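> Model the following, please.
(one chain, ligands or ions: 1)
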Amino acid sequence: MPAIILDGKKIAAEIRAEVTVEIQGLRAAGVRPGLAVVLVGSNPASAVYVRQKVKACEEIGIHSETHAPPQAVSNRDLVALINQLNQRDEIDGILVQLPLPSQVDMKQVLITIDPAKDVDGFHPMNVGFLSTQLPGLVPCTPAGILEILKRSRIPIAGQEAVVVGRSQIVGKPTAMLLLNNNATVTVCHSKTRNLASICRRADILVVAVGRAGMITQEYVKPGASVIDVGANQVTDRREFDKFFRGNKKREHSFTKNGSTLMGDVHPRVVEVAGAITPVPGGVGPLTIAMLMVNTVKAANLRRGAGIQELSKV
Ligand code: GUN
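Presented below is the predicted three-dimensional model:
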């Protein structure tokens, strides 16, 4: 039996509807949550992501603004911009879109963001809150992965979870969230030996490596829940044929756009897994929905909301 498809768009819409109600309550009390997005230079993929984030804010009543310093911006000017945003009361969340150009010290930039406004959850203070299970701001994609699992009623406690990829943005915080939810967690990376056999232990397999179709059927235990965080643009016809030959919908979009978006998980894993997130339409929509959640959470956090309210996510 093919896997259940975990519909990220539907789950993200549910979350957005919940956040919209919360924003209406805040606005009735005279508070309009505000998000500042900093997009350095003209990386086309980053520009697309930032547009999606700003549009999502507009749709649900969050004030948003985009700051776009040039590619050659100095470290000092970028830090100065963030300090200005830190000072502004109407800004609750600050997001610096990554990657940053090489002349910029990314770590310095990220620690300059006020931890209370750090809607990406990348500041060491928020990383510490996550690992010590204190309420704070949790990175959006990992928080979204947990929402998919929980809202799809996939058990976590006591399950074997394997996370492939150890990035600060996805792999590490996802592993920490799964651990905080009582999974038995293994983190794999480029130096891991016997990757396929470790992945095959997983009841929950989370993949965030950035290699199109790398996780094939032999990495997956029958019935496992597979979360595919990959977002790879396939532009090469031969590579396309390797994964999607005969798939009419994909053929159509590849011919029209010259590319197709696919995950790190091979399309045929659907025949083995118990549940799986598609790409597109799986984890991606959750990342944006959780940014909205974090912006509202930050607005509450800065206005002294109680710990009980903030520990929901
Ligand atoms: N670039 C890729 N993913 C992310 C993310 O989650 N946050 C930011 N700020 N930049 C990214």
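> Up against the ligand, what does this structure have?
Listed as neighbours of the ligand in the chain under the rule C-beta under 6 Å from any ligand atom: Leu95, Val96, Gln97, Leu98, Asp120, Cys140, Thr141, Ile169. Any C-beta I mention is one placed from the backbone N, CA and C, and that applies to glycine too.
> What about those residues, which are in helices?
Using DSSP state H, the subset of these located in helices is Cys140, Thr141.
> Which two among the residues of the chain next to the ligand are spaced furthest apart?
Distances among the residues of the chain next to the ligand were taken as C-beta to C-beta; the most separated pair is Val96 and Thr141, at 15.6 Å.
> On the three-state scheme, Asn182 is what?
Here Asn182 is recorded as coil under DSSP: H, G, I helix; E, B strand; the rest coil.
> Can you give me the pLDDT of it?
Looking at Asn182, its pLDDT stands at 98.
> Next: the one 4 residues further on.
What the model reports for Thr186 is a pLDDT of 98.
> Over to Lys312?
47.
> Now do the strands in the protein.
Residue ranges of the strands in the chain, as given by DSSP state E, are 4-5, 34-38, 63-67, 93-96, 160-164, 184-188, 204-207, 225-228, 232-234, 260-262, 275-276.
> Could I get those in TSV, plus columns for mean neighbour count and distance to Pro124?
What follows is the strands of the chain, written out as TSV (neighbours: other C-beta atoms under 10 Å; distance: least, C-beta to C-beta, whole Å):
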stretch	mean neighbour count	distance to Pro124
strand 4-5	14	37
strand 34-38	23	19
strand 63-67	16	23
strand 93-96	26	15
strand 160-164	26	20
strand 184-188	19	19
strand 204-207	27	23
strand 225-228	27	26
strand 232-234	17	30
strand 260-262	22	32
strand 275-276	22	34
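> Quick one: those as CSV, columns for distance to Val269 too.
As requested, the strands of the chain are arranged in CSV below (distance: least, C-beta to C-beta, whole Å):
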stretch, distance to Val269
strand 4-5, 12
strand 34-38, 34
strand 63-67, 37
strand 93-96, 32
strand 160-164, 13
strand 184-188, 16
strand 204-207, 9
strand 225-228, 6
strand 232-234, 15
strand 260-262, 12
strand 275-276, 7
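> of those strands, which approaches Lys249 most closely?
Closest among the strands of the chain, using C-beta to C-beta: strand 260-262, at 9.6 Å.
> Could you pull up the mean pLDDT of the closest one?
Mean predicted lDDT for strand 260-262 stands at 97.
> From the ligand, how far off is the nearest residue to Ser167 once chain neighbours are set aside?
Excluding the flanking residues, the one nearest Ser167 by C-beta to C-beta, 6 or more residues apart in numbering is Ala208, at 6.5 Å. According to C-beta to the nearest ligand atom, to the nearest Å, Ala208 and the ligand sit 10 Å apart.
> Burial check on Ala208, number of neighbours?
By the criterion of other C-beta atoms under 10 Å, Ala208 has 24 neighbours.
> who's in contact with it?
Going by C-beta atoms under 8 Å, 6 or more residues apart in numbering, Ala208 touches Thr141, Val163, Val164, Gly165, Ser167, Val170, Gly171, Thr174, Val229, Gly230, Asp264.
> please redo it, this time with the cut-off set to 10 Å
141-142, 145, 163-167, 169-171, 174, 227-231, 263-264, 283 (C-beta atoms under 10 Å, 6 or more residues apart in numbering).
> Phe254 too?
Going by C-beta under 10 Å, 6+ apart, the list of residues near Phe254 reads Val234, Thr235, Arg237, Phe240, Asp241, Phe244, Asn247, Thr260.
> how many other residues sit next to the residue of the stretch 201-313 of the chain found nearest the ligand?
Relative to the ligand, the nearest point of the stretch 201-313 of the chain is Thr287 (6.0 Å; C-beta to the nearest ligand atom). Using other C-beta under 10 Å, Thr287 has 24 other residues around it.
> what does Asn257 give?
11.
> State the distance from it to Thr235.
Distance, Asn257 to Thr235, using C-beta to C-beta, to the nearest Å: 9 Å.
> about what we covered before: the contacts of Phe254 in helices, which ones?
Within the contacts of Phe254, residues falling in helices by DSSP H are Arg237, Phe240, Asp241, Phe244.
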